[in-house]
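# Here is a sequence with its predicted model. Questions after.
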Amino acid sequence: MNLGVNIAGVQFENPVMEASGTFGSGVEFSEFVDLNKLGAVVTKGVANVPWPGNPTPRIAETYGGMLNAIGLQNPGVEVFCKRDIPFLKKFNTKIIVNVCGKTVEDYLEVVERLSDEPIDMMEINISCPNVKEGGIAFGQDPKCVEAITKAVKAKAKQPVIMKLSPNVADITVMAKAAEAGGTDALSLINTITGMKIDIHKQTFAIANKTGGMSGPAVKPVAVRMVYQVANAVSVPIIGMGGIMNGDDAMEFILAGATAVSVGTANFMNPTATMDVLSGIENYMRMHNVEDINQLIGIVK
Amino acid sequence: MNLGVNIAGVQFENPVMEASGTFGSGVEFSEFVDLNKLGAVVTKGVANVPWPGNPTPRIAETYGGMLNAIGLQNPGVEVFCKRDIPFLKKFNTKIIVNVCGKTVEDYLEVVERLSDEPIDMMEINISCPNVKEGGIAFGQDPKCVEAITKAVKAKAKQPVIMKLSPNVADITVMAKAAEAGGTDALSLINTITGMKIDIHKQTFAIANKTGGMSGPAVKPVAVRMVYQVANAVSVPIIGMGGIMNGDDAMEFILAGATAVSVGTANFMNPTATMDVLSGIENYMRMHNVEDINQLIGIVK
Amino acid sequence: MKYKEIVTVISQEQIATGIYSMWIQTKDIAKDAVPGQFISIYCKEGSRILPRPISICEVDKEADTLRIVYRVVGKGTDEFSKFSVGETTQVVGPLGNGYTLENRTALLIAGGVGIPPMLETAKALNFMGVKVFTVCGYRNNELFLKEDLEKYSTVIIATDDGSVGTKGTVIDAIKESGVEADVIYSCGPTPMLRAVKQYAIENDIICQISLEEKMACGIGACLACVCKSKEVDDHSQVHTKRICADGPVFYAQEVEL
Amino acid sequence: MKYKEIVTVISQEQIATGIYSMWIQTKDIAKDAVPGQFISIYCKEGSRILPRPISICEVDKEADTLRIVYRVVGKGTDEFSKFSVGETTQVVGPLGNGYTLENRTALLIAGGVGIPPMLETAKALNFMGVKVFTVCGYRNNELFLKEDLEKYSTVIIATDDGSVGTKGTVIDAIKESGVEADVIYSCGPTPMLRAVKQYAIENDIICQISLEEKMACGIGACLACVCKSKEVDDHSQVHTKRICADGPVFYAQEVEL
Ligand SMILES: Cc1cc2nc3c(=O)[nH]c(=O)nc-3n(C[C@H](O)[C@H](O)[C@H](O)COP(=O)(O)OP(=O)(O)OC[C@H]3O[C@@H](n4cnc5c(N)ncnc54)[C@H](O)[C@@H]3O)c2cc1C
Ligand SMILES: Cc1cc2nc3c(=O)[nH]c(=O)nc-3n(C[C@H](O)[C@H](O)[C@H](O)COP(=O)(O)OP(=O)(O)OC[C@H]3O[C@@H](n4cnc5c(N)ncnc54)[C@H](O)[C@@H]3O)c2cc1C
Ligand SMILES: Cc1cc2nc3c(=O)[nH]c(=O)nc-3n(C[C@H](O)[C@H](O)[C@H](O)COP(=O)(O)O)c2cc1C
Ligand SMILES: Cc1cc2nc3c(=O)[nH]c(=O)nc-3n(C[C@H](O)[C@H](O)[C@H](O)COP(=O)(O)O)c2cc1C
Ligand code: FES
Ligand code: FES
C-alpha cells in the first residue's frame, strides 16, 4: 500500500501532519506519538523576535469546537533554530516551519534566517485572526496575498506553502492570488473568527474578545473550501479543519487535498494523528486502493 | 418582568422568534408550541412564483450542526397570502414574512404583493447560499446590498429587515450598506456554506454539493458577527445561529441583539423556542433584571 | 396527535447480526400509533443533532409500549443499540400517515429493515380478518421477525444468498410461490420498491409503498424529505411531497421513484 | 512519564453539596503520580471536546487507583458526576510538576476545591515524618475531606459563614490559631493565593502555590494556560510560564498573580 505523497518535490512518507500551533515543536507530544510515523511535523508559528502572545484566558470551549487567541506567542526564530530544529532532525519526518509576522519585513527576516536551516518547507501564516497588526489583514486582500507570496518566494530556498484564512467571501480568489505569486502549495483552513460570551460574568470568555474557531464543528466549511480551491488552482493542498479520524481525513483527500493536518483533535486525544493514519489505511484496504494518490480529488 | 422589545416601531411580546425555513409557517409546530407565546413567527422564504427547490438529499448532519440545501422550495406568494397569513392571524403573535428572489424584480413583486397584507414586518433574504441565481450574490457585495435595500424600502409598507450572509470577509461592511439603504433592522446570520462528502459512496452528501451550515456548531461565528454589527450600526438586530436554550440566547442579547431566532434547534427539540423563552426568564430572575432591554448589548 | 416524550427503554435485544429489537415505554405515542407510521428518536450524544426516523414495528396499546427493530448502520443507531434497560431518551411521534388498511387479501412485500413495519401491519390486517401474505427479502438465513410475522400471515422468503426460500428478489419469490392478492403494502430499499411498483402495474394491483429520505424536522415543516410527486402537490404547489408528513406511505402511482 | 489510558470508575460518592469523590482504576497513571499533579479527564459527550484538569487527591500505588474530588460547576463536571461504577473514560496523566516536598514543618493552605490535592500532599509529608498543619477554607459546615486530612495533619478550619472554626479567610484562621511553619503548600482561588503569597512574604516563609487556567492540550504544547512569570522563561523567551507543564505549582515569587 502506498501512502507516500509528493508536494512541490518534497516526498512525504504519508499524508498525515499535525496543524501548526497545536503540537508545539513536537517535543511534548513525542511522549504519545512516534514522530517518525508522521508525514511531517508542522511547527508553531515563529516570528523574527520573541512574541509574548495575548493575555489569558486564551481559549474557550464551544459546541464541538473551541476558540483560541494564543496570539502567536513564540520564542523567536533564533531560539527556534538552535533548540527546535536540532530536536526535530533526530526524527525521520519532514519539517515544515510555520512563519508569522506583523509586516512583510518581519516575514522576510524569518524566511531568510531559515533559508540555510535543514528544514523541508515553510508555511507562511497570513491568516492568523488573533494578532492585530499582521496575519489576517494580509490574508483577506488578494493583492496583499500575491505580493507577500512573491516576496517570500524571492527569498526562500525551500518550497513555500501559503496558509489561507477562511474569513473571506470567496476563498478561490485568495488561492489564485497565492498561485499567481508563485506559491508551491496551499494550506487551509486557518481558524474562523468567533466569539463566546460568559453570560454570568457578562464579559468575553477570551481576553482578546474574539478567537479563532477550530475543531470538528468547522469541518464542513473546511471541506467546502478545500474542494473549491482544488478546483480553482493547480498547486497541491494541505487540508485541515476539524479532522479527528481517518474518515474525516478521507473527506479532505477525496475533495482534493494531497495531505491533511490534525489540529484541535490532538487536544481531544493525544494520539489523534496516529488514529487518522490508521483510519486512512483502513479506508484504502476496505476500498481496495493501492495508492493514496488515486483518491486525491476524485469527488467532483 | 418585562420581556417586550421594540423593533422599528413593532412591539414584540418577547424577544423569541423562530428562524425562517425551520418552522414552515407555524402550522406543523403548532402541535408542540403555543404560537401565541412566540414574539413572532418568521415564515419560510416566499417568492413571486412557486419554486420547486433542489433535488434530494437536501440535508446532512454534521458534527454539532447540519447542512441544508432546500433551495427555497415554496408555494409562491399568492398561495402564501391566501393560506398561511389567515392561519397566522389567528394567533396573538407578530408575523414576519421572509422574502426570497432571483432578481431585484422578483423581490419587489413579492414585497408589493405583501404590502397590503396584515403582516408586521418583512425579512429580505439576500443571503441564501443554496440557489444559484439569487440570494447570496446580492449579500456579498455592499453596493448590491444597498441598492436592493433601497428598492425594497421604496415599495414596502411594513418595516424591513435585511438578512445578512456570514459568508463575507467583513460583516460590518454589509451591515453598513443595508443601513445606508435605509433598512429598519438586520437579521443575522444566515447559514455558512459547507460541504460533506460521503466517503463510502464517493460523492457529495447533499445533491446540491454545498449546503448551508447551521446549528450549535456555528454559534461562535454568529455571536461574533452580531457583536461586530451591533457596534457598527444603530439599527436593531435579530440574532440567530445555533441558539438552543436561554443561555445561548443571552449570549446574543448581551452581544447586542434585540431579539433572537431559533432555527435548527427546533429539529433537535420541537419545543426549543419555549425552552429559550423560559431560559431567558430564568436568567433575568437569577441576575435580578426587571427589563430585558437593560441587557441588550451591555458586553462591550 | 403528535407527542414529544421522554421514553424509557424496557427491553433491548440483538435479533440478527447488527439488527436490534427495542421495546420502549411511551406515555401516549403508542396509543395513537397506526401501522406504517414512524417515530423520531433523538441521540443523547450532543454531536448528533438530528432525529433518526424509525418505523413502528409493533404496538401494545394497553401497556402503551412500542417496539422498533433497527439495523446499526451509523453512529446514531449504534448509540441506540447501546441503550440499556431503564435508560431514557427523547422521542417524537407517531409521525407520518401509515398504511390505508383495506378489507381485501393483502400482500406485504418488504426487504431488510423494511420488514419491521410489516409486523404491526400484518397484525392489524389479520385482526380485521383479512388474509395476509408476507414476502420478505433477507440477505441470508438470519430471518429476523419471521416467527412474529407467521403469527398473522403466511410468510414467503427470498434470500440474496439462496440459503432459505427463493434465491433472488422478493419479486422472484412472489413469482415462484404464485401468491396472489388484491392490495400490496410494501417497504424496503428503493430498487425493490421500483420492482414492486412495476409488478403492481403489470398485475393491476393497488400498491402502497413506504419511502425513505433524510429528515430534519420529521413533521413537515422544513421540506428536507421530499419525493417527486406526479401531480402538483397542494401544500407545495410544485411536484413534490413531504415524506414525513404526506407519507411515508404513498400509492405507487402518486410518486416517482 | 505521561499516559493516555481508558480508566474505569471504581467508586463515585457525593461528599458535600455539589462535591463528588471518585476513585478510578488506572494502569500506570497512579503509579507515577506525585502530590500536586493533576490529570486530564475527557468528556464522553462529543459536544465537549476539551479535557477537564482535575487534581489528584489521593493515590493507592499498589492498587494503581487514584481519587479525585471535584465540584460540579459546568457541563463537564456534571457529566463526570453521573458516571457510574464500571463506566470507562479517557484520562491523560499524571500531568504537571507537583509540589516539592521539603523535610520541614509544613503549612498546607487551601480553599474550596483547592483542598483535594492537599490530601495526598499531607499524606506524603506525614510519611516523610514532617509535622503538617492544614488550613482549610470552606463555604459552610460541609467540611469535605476534613476527616481524611486529620489522619495526616492538624486541621484548622475557616468558613465563610462562620459555622465552623474561624469566620473569615484562611489567613484569618492562621492568625487566630497562631500556627507556624517553614514551608507553605497552597491551592485555591486566585484571591486566596494572593493573600497567601502576601502572608508568606511578610513572614518570610517559602511558599509553593498551585495555579489554575483554561487548558487545551494539558501537556505544554498549545500555550493556552500561561501565567505571568517574573523572569524571562527558558521555553518561551518571554515572561510567561505554562501552568500545565511548568506548573501547576510555582514558588510564589516566580509568578505574578
Ligand atoms: C420513515 C423511515 C422509517 C425508517 N424505519 C427504519 C426501521 O424501522 N429500521 C431501520 O433499521 N431503519 C429505518 N429507517 C432508516 C433509519 O432512519 C436510518 O438507518 C438511520 O437514521 C441511520 O442513522 P445512523 O445515525 O445510524 O446513520 P448515519 O449514517 O450516521 O446518519 C447520519 C444522518 O443521516 C440520516 N440517515 C442515514 N440513513 C438514513 C436512511 N436510510 N433514511 C433516512 N435517514 C437516514 C440519519 O437519520 C442522520 O441524520 C427508516 C427511515 C425512514 C425515513
Ligand atoms: C491544575 C488544575 C487542577 C484542578 N483541580 C480541580 C479539582 O481537584 N477539583 C475541582 O473541582 N476542580 C479542579 N479544577 C477546576 C476544574 O478544572 C474545572 O472546575 C472544570 O474544568 C470545569 O469543567 P466544567 O465542564 O464542569 O465547566 P465549564 O465551565 O462548562 O467548562 C468549560 C471549559 O472551561 C474549562 N474550565 C472551567 N473552569 C475551569 C477552571 N477553574 N480551571 C480550568 N479550566 C476551567 C473547562 O475545562 C472547559 O474546557 C482544577 C483546575 C486546574 C487547572
Ligand atoms: C491553539 C491553537 C493554536 C494555533 N496556532 C497556529 C499558528 O501558530 N499558526 C498557524 O498557522 N495556525 C495556527 N492554528 C490553526 C491550526 O493550525 C489549524 O489551521 C486550525 O486549528 C484548523 O484545524 P483544526 O480544526 O484541526 O484545529 C492554531 C490553532 C489552535 C487551535
Ligand atoms: C432547513 C433550513 C431552511 C432554511 N430556510 C431559510 C429560508 O427560507 N430563508 C432564510 O432566510 N433562511 C433560511 N434558513 C436559515 C435560518 O433561518 C437561520 O438563519 C440559520 O439556520 C441559522 O440559525 P440556526 O443555527 O438556529 O438554524 C434555513 C435554515 C435551515 C436549517
Ligand atoms: S423532515 Fe422536515 S419536512 Fe420532512
Ligand atoms: S494547556 Fe496547552 S500549554 Fe498548557
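That came through fine. Ligands and ions are numbered 1, 2, ... in the order given.
# Every contact and neighbour count from this point should use C-alpha atoms.
OK.
# so how far is stretch C:6-16 off the chain centroid?
17 Å (Cα atoms, centre = their mean, to the nearest Å).
# Counting neighbours, what do you get for residue A:270?
24 (other Cα atoms under 10 Å in any protein chain shown).
# The residue of the stretch 51-200 of chain A found nearest ligand 2: neighbour count?
Residue nearest to ligand 2 within the stretch 51-200 of chain A: residue A:61 (5.2 Å; Cα to the nearest ligand atom). Applying other Cα under 10 Å, we find 22 other residues in the vicinity of residue A:61.
# What's opposite it in the beta bridge?
residue A:66 (DSSP bridges).
# Report the buried residues of the longest strand seen in chain C.
Using DSSP state E to assign secondary structure, the strand with the most residues in chain C is strand C:3-16. For strand C:3-16, the neighbour count (16 or more other Cα atoms under 10 Å in any protein chain shown) marks C:3-12, C:15 as buried.
# Could you do stretch A:193-206 as well?
Buried residues in stretch A:193-206 (16+ other Cα under 10 Å): A:193-199, A:202-206.
# List the residues that contact residue A:67.
With contact set as Cα atoms under 8 Å, 6 or more residues apart in numbering or on different chains, residue A:67 has these partners: A:59-61, A:194-195, A:211-214.
# so what's residue 163 scoring on pLDDT?
Since you didn't name a chain, this refers to chain A. We have a pLDDT of 97 for residue A:163.
# Not quite, go with chain C.
Reading off the model, residue C:163 has pLDDT 94.
# Phi first, then psi, for it.
Dihedral pair for residue C:163: phi -70, psi -30, per degrees, to the nearest 10.
# Next one: the residue positioned nearest the centre of chain C relative to ligand 3, how far apart?
Relative to the mean C-alpha position of chain C, the nearest C-alpha, by Cα atoms, centre = their mean, is the one of residue C:117, at 3.5 Å. For residue C:117, the distance to ligand 3 (Cα to the nearest ligand atom, to the nearest Å) stands at 42 Å.
# so what's that residue closest to, chain neighbours aside?
residue C:57 (4.5 Å; Cα to Cα, 6 or more residues apart in numbering or on different chains).
# Equivalent analysis for residue A:115, please.
residue A:157 (5.3 Å).
# Which single residue in the stretch 51-200 of chain C comes nearest to ligand 3?
Closest point on the stretch 51-200 of chain C to ligand 3, by Cα to the nearest ligand atom, is residue C:75, at 21.0 Å.
# right, and the helix or strand after the lowest-mean-pLDDT helix or strand in chain A?
The weakest-scoring helix or strand in chain A, judged by mean pLDDT, DSSP states H and E, is helix A:136-139 (a mean of 70). Sequence-wise, the next helix or strand beyond helix A:136-139 is helix A:142-155, with elements assigned using DSSP states H and E.
# right, is that next one up against chain B?
No. Applying Cα under 8 Å from any Cα of the partner chain, one finds helix A:142-155 out of contact with chain B, separated by at least 12.0 Å.
# quick one: strands adjacent to the next helix or strand after that helix?
Where DSSP H and E defines the elements, the next helix or strand beyond helix A:142-155 is strand A:160-163. Strands adjacent to strand A:160-163 in the sheet, as given by DSSP bridges, are strand A:121-125 (parallel), strand A:185-188 (parallel).
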